[in-house]
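Chemist: whatever this is, show me its structure:
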Amino acid sequence: MMELVDLYDENRIPLGRTAERHGPKEPGACRTVVHVCLFDSRGRLLIQRRTTNKSIWPGRWDVSVGGGVDAGETSRQAAEREFREELGFPLDLTGVRPSVTVNFPQGFDDFYLVEQDLDLSALTLQADEVSQVCWADLPELEAMLEDGRFIPYPKGFLQFLFAMRHQFGFPTK
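Modeler: Presented below is the predicted three-dimensional model:
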């Protein structure tokens, strides 16, 4: 099944066209992806280990969830859908905006930072996407990044995500 994404210009203005998610895009066309970083009240980040059959970063650890925004879907709707699909949990992001957006050559990556204590046994992992989940603090993530177990985000970016939680706080769900 072909996955379609909405296309935007460099200013995130809709172009009124769609394209195949992984297919070539017209020059200057951008798409949107999302990530959810779920922290618990102790300041740990929920992380997931990608299955070994994933085409990108197989077997590596990543933030709580991430994925593409489908055509006709808002960034928030995609973040909620990805959380539900990958972890089997209905995360409600009503009233929550992305805490940070990272621009990349093909589009925009919205990061939602939320706090919620979650019992990991309540999760149902999507077998073809996620092999494992756990809570991790920043020093643990930095060690995983150093030894190649974590997707190679810039170390400073992971530090920034944790600092956002401590300095500014964010919605509790």
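Chemist: so for the least confident helix or strand in the chain by mean pLDDT, what gets flagged as buried?
Modeler: Least confident helix or strand, the chain: helix 155-167 with a mean of 86, by mean pLDDT, DSSP states H and E. Going by neighbour count (16 or more other Cβ atoms under 10 Å), the buried part of helix 155-167 is 158, 161-162, 164-165. Any C-beta I mention is one placed from the backbone N, CA and C, and that applies to glycine too.
Chemist: also stretch 40-59?
Modeler: Here stretch 40-59 shows 44-51 as buried, counting by 16+ other Cβ under 10 Å.
Chemist: do I have it right that N53 meets E129?
Modeler: No - using Cβ atoms under 8 Å, N53 is not in contact with E129; the gap is 9.1 Å.
Chemist: against A163, how distant is the residue nearest in space to the middle of the chain?
Modeler: Residue closest to the mean C-alpha point of the chain, counted by Cα atoms, centre = their mean, is H35 at 1.6 Å. Here H35 is placed at a distance of 17 Å from A163 (Cβ to Cβ, to the nearest Å).
Chemist: returning to what we had before: show the subsequent helix or strand relative to the helix or strand containing the residue nearest to the centre of the chain.
Modeler: Here H35 is covered by strand 31-39, with elements defined by DSSP states H and E. Remark: after strand 31-39, the chain's next helix or strand is strand 45-50, criterion DSSP H and E.
Chemist: give me the helices and strands touching the least confident helix or strand of the chain, please.
Modeler: Where contact means 3 or more Cβ pairs under 8 Å, 6 or more residues apart in numbering; DSSP states H and E, helix 155-167 is packed against strand 100-104, strand 107-115, helix 138-146.
Chemist: among these, which comes closest to V69?
Modeler: With Cβ to Cβ, the closest approach to V69 among the helices and strands packed on helix 155-167 belongs to strand 107-115: 8.2 Å.
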